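1. show me how the following folds:
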Amino acid sequence: MATKTLNPFTFLQQVRQETAKVTWPSRRETMISTVMVLAFAALAVVFFFAADQLMALGVELILGIGR
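-> Alright, predicted model coming up:
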């Protein structure tokens with residue numbers, strides 16, 4: 001278990017040491033991930049819009065209300 005340190009200077013040194021251990025993604029990996037997130041978000045928008053329109057149509061046909 002980690003020891004509790006109250007010294008801010010020691011804390012900042014430990015933070016720098018831990019940050020140095022992080023493997024950061026390359027610019028290319030970041031761009032690919034960003035494009036994938038945007039593509040799947042757009043796909044989700046299209047899917048939920050279509051589902052909403054189908055449900056609205058179904059409610060209109062069944063109950064005769066809406067729109």
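
2. tell me which element F47 falls in.
-> For F47, the element it lies in under DSSP states H and E is helix 27-63.

3. chain center to that helix: distance?
-> Here helix 27-63 shows a centroid-to-chain-centroid distance of 15 Å under the convention CA atoms, centre = their mean, to the nearest Å.

4. for this structure, which spans come out with low pLDDT?
-> In the predicted model of the chain, residues 1-5, 66-67 satisfy pLDDT under 70.

5. just give me the neighbour total for Q14.
-> 13 (other CB atoms under 10 Å). (Glycine included, C-beta is placed from N, CA and C.)

6. now it: how far from V22?
-> 14 Å (CB to CB, to the nearest Å).

7. I65: helix or strand, and which one exactly?
-> Using DSSP H and E, I65 falls outside every helix and strand.

8. list the contacts of it.
-> V59 (CB atoms under 8 Å, 6 or more residues apart in numbering).

9. could you export stretch 60-67 as CSV, CA atoms only?
-> Provided in CSV are the C-alpha atoms of stretch 60-67 (Å, rounded to 0.1, in the frame of the first residue of the first chain):
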residue,chain,number,x,y,z
GLU,A,60,-49.9,7.3,-35.1
LEU,A,61,-51.3,4.2,-36.9
ILE,A,62,-52.4,2.4,-33.7
LEU,A,63,-53.8,5.3,-31.7
GLY,A,64,-54.5,7.8,-34.4
ILE,A,65,-52.8,10.6,-32.5
GLY,A,66,-49.5,12.5,-33.0
ARG,A,67,-47.9,14.6,-35.7
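
10. so how far is it from its chain's centroid?
-> Using CA atoms, centre = their mean, the offset of stretch 60-67 from its chain centre is 36 Å.
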